[in-house]
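**Q** Predicted structure and sequence below. I'll ask about it afterward.
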Amino acid sequence: SEGSRLYVIYICLIAALGGLLFGYDTAVISGAIGYFKTYMNLTPFWEGWSVGCALLGCVLGAAAAGTASDRWGRKKVLIASAVCFFVSAIGTAIPNDMLTYSFYRILGGLGVGAASMTSPLYIAEISPAKIRGIMVTVYQLAIVIGIFIVYYINYFIADWHTEEWNIHYGWRWMFGSEAIPAFFFLLCLAWVPESPRWLIKQGREEEALDILTRAGGTAHAQREAAEICETIAHEGASIFQLLQPGLRRALAVGVILAVLSQVSGINVFIYYASEIFNQLGFERNAALLQQAIVGTVNLLFTFVALTAVDWFGRKPLLVFGALGMCLAHFCMGGLIFFGYSGVLLLVCVLFFIANFASSYGPVTWVVMSEIYPTRIRGRAMALATLSLWIANYIVSQTFPMLNDNAWLIKTFNHSFPFWVYGSCCLFAMVFSLLFVPETKGRTLEEIETSWNR
C-alpha cells in the first residue's frame with residue numbers, strides 16, 4: 001500500500017546510467033585526441049572535427065528523441081541510445097580512416113543526444129513528487145561521474161604503455177572501454193518498466209497503475225494517474241506561444257543561458273585539457289593526470305552546487321560563478337601570453353572548473369526547467385537543449401583553429417582563445433545580473449505569472 005522507494009531508486013539509477021554514458025562518451029576523446037591526431041596526421045580543422053562530429057550527432061539525437069519517445073516510448077529510446085553507445089565504442093576502436101571514425105563517433109553522439117533528453121524525462125515521470133528532485137539531480141551527477149571515471153581510465157591506459165604503443169593502440173582502448181558500461185546499461189534496461197505517463201497516453205491505464213502502485217502505493221497511484229490524465233488533456237499548446245509578449249523573454253533567457261554555459265569554454269577543458277597542458281610543456285602522461293585532477297574537482301564542486309542552489313539561490317550562483325570563470329580565463333591568458341608554463345596554469349584551470357561546476361554547469365539546467373510554462377516546458381526545453389549542443393559543437397570545432405593559427409600564435413602566444421572565453425564569461429555575468437530572474441522559493445505558476453507582468 002505504501003509502495004517501494006527502493007524500487008524507484010533502482011529504476012532511476014539504471015536510467016541515470018544514460019547520464020554516466022553521456023559524460024563518458026563526450027569526455028573519452030580528451031585522452032585519445034593527442035594520440036589519435038598523431039596517428040591520423042590531422043590538421044587543426046580535422047582535429048576540431050574529430051572532437052566536434054560527435055556533437056553533431058548529439059544535436060540530431062536531441063532533436064529526434066522527443067518525437068521518438070512520444071511515439072515508441074521512453075524505454076525503447078533508452079534502449080536505442082544504449083545500442084548506439086555500444087556500437088560506437090566498438091566502431092571507434094577499429095578505424096584506420098576518418099570516414100569510418102566519423103560515422104561511429106556521430107552514432108555515439110546520437111546516443112548522447114537521445115539520452116540527454118530521455119533519461120531525465122523518464123526519471124521525472126516515474127518518481128513520486130517528494131523524491132523527484134533528488135532523483136533527477138542524480139542524473140546530472142551521473143554525467144560528471146562519467147567524465148571523472150573516463151579521465152582516470154584514459155590516464156591508466158596511457159601510463160601503462162609507451163608513446164608509440166599509445167599512438168597505434170592506446171586511443172583504440174580508450175574508445176573501446178566504453179563498450180563495458182554501455183553493455184551493462186543495455187542489459188539493465190531489460191528490467192525497467194515503461195514510463196507510466198506514456199502508458200496512460202497510449203490508453204494502457206492498468207499497466208501504468210501497476211507501476212505507480214509499486215513506486216508510491218495505491219493512493220499515490222490513483223492521484224498521480226488522475227493528474228497525468230488532466231495534464232495530457234491540456235497538452236497540444238504550440239511552442240510559438242513562447243513568442244507572445246512576456247514569454248518571449250523567458251524563451252530568450254533559457255536559450256541564451258544554454259549558449260553561455262558552452263561559450264564559457266568549459267568543453268575546451270573537458271575535451272582538450274591534456275592537449276593544452278602538453279602544449280605548454282608538460283609530458284603527456286603528466287598532462288593526462290592533470291586532466292584527471294580537473295575531473296575530480298568538477299565532481300566535488302558539483303556536490304557544492306547541489307547543496308547551494310536552494311540555499312543561496314540561482315541568480316547569485318550564476319553571477320559570482322561567471323565572475324570567477326572570467327577571472328580564471330584572463331589570468332590564464334595573461335600567464336600564457338608572457339610565456340609562463342608552471343603550476344599556476346593548473347590552478348587557473350581548477351579555479352575555472354570549480355566556478356563552473358558550482359554555478360553555470362548545473363544551475364543552467366535548474367533555471368531552464370523552472371522558467372517555462374508547464375504546458376510547453378518540454379518543447380521549450382528541447383529548443384534550449386538544441387541551442388546548447390550547437391554552441392558546444394561550435395566551440396569544440398573552432399578551438400584548435402584558434403589555438404593553432406600561426407598569426408594568433410605569433411601575436412598572442414596561444415592565449416587568444418582564453419581572452420575570447422573570458423569575455424564571454426564577463427558577458428554571462430552581466431546577463432545573469434540584469435536579465436535572469438531569481439526562481440528560488442517560487443512556484444512554477446508564480447514564475448509564469450511574473451513573465452506576463
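**A** Good, I have the coordinates. Please read all numbers here as calculations on a predicted model, not as lab measurements. Numbering: from 1, shown residues only.

**Q** Which helix or strand lies directly C-terminal to the longest helix seen in the chain?
**A** What stands out as the longest helix in the chain, according to DSSP state H, is helix 129-159. Once helix 129-159 ends, the next helix or strand along the chain (criterion: DSSP states H and E) is helix 163-165.

**Q** what sits up against that next one?
**A** Under the contact criterion CB atoms under 8 Å, 6 or more residues apart in numbering, helix 163-165 has outside partners Arg284. Placement of C-beta: from N, CA and C, glycine included.

**Q** Just list what the next helix or strand after it packs against, helices and strands only.
**A** Next in sequence after helix 163-165, counting helices and strands by DSSP H and E, comes helix 171-176. Under the contact definition 3 or more CB pairs under 8 Å, 6 or more residues apart in numbering; DSSP states H and E, helix 171-176 sits against helix 29-40, helix 74-91, helix 129-159.

**Q** chain center to helix 171-176, what's the gap?
**A** 21 Å (CA atoms, centre = their mean, to the nearest Å).

**Q** And stretch 401-408, how far out from the chain middle?
**A** 28 Å.

**Q** end to end, how far does that stretch reach?
**A** With CA to CA, to the nearest Å applied, stretch 401-408 spans 10 Å between its terminal residues.

**Q** what's the average pLDDT for it?
**A** For stretch 401-408, mean pLDDT rounds to 85.

**Q** Could you list the buried residues of that stretch?
**A** 402-405, 408 (16 or more other CB atoms under 10 Å).

**Q** For Met429, state which of those residues is nearest.
**A** Nearest to Met429 among these is Leu402, at 22.3 Å by CB to CB.

**Q** That closest one is in contact with Tyr421, isn't it?
**A** No: using CB atoms under 8 Å, Leu402 is not in contact with Tyr421, being 10.0 Å away.

**Q** just to revisit the earlier point, out of the helices and strands packed on helix 171-176, which gets nearest to Gly254?
**A** The minimum distance between Gly254 and these falls on helix 129-159, with 16.8 Å, by CB to CB.

**Q** tell me the average confidence for the closest one?
**A** The average of the pLDDT scores along helix 129-159 is 82.

**Q** do stretch 201-211 as well
**A** 85.

**Q** got it, and stretch 6-26?
**A** Rounded mean pLDDT across stretch 6-26 is 88.

**Q** Show me what counts as buried in that stretch.
**A** In stretch 6-26, counting by 16+ other CB under 10 Å, buried: 8-9, 11-26.

**Q** what stretches of the chain score poorly on pLDDT?
**A** 1-3, 129-133, 136, 231, 234-239, 246, 374-378, 442-445, 447-448, 452-453 (pLDDT under 70).

**Q** could you show me where the strands are in it, in order?
**A** Ranges of strands in the chain, per DSSP state E: none exist.

**Q** So which of the helices and strands packed on helix 171-176 is nearest Trp191?
**A** That would be, of these and by CB to CB, helix 74-91, which comes in at 10.7 Å.

**Q** name the helices or strands packed onto the closest one?
**A** Judged by 3+ CB pairs under 8 Å, 6+ apart, helix 74-91 is in contact with helix 5-27, helix 44-72, helix 98-126, helix 171-176, helix 179-188.

**Q** at 6 Å instead, please
**A** Secondary-structure packing of helix 74-91 (3 or more CB pairs under 6 Å, 6 or more residues apart in numbering; DSSP states H and E): helix 44-72, helix 98-126, helix 179-188.
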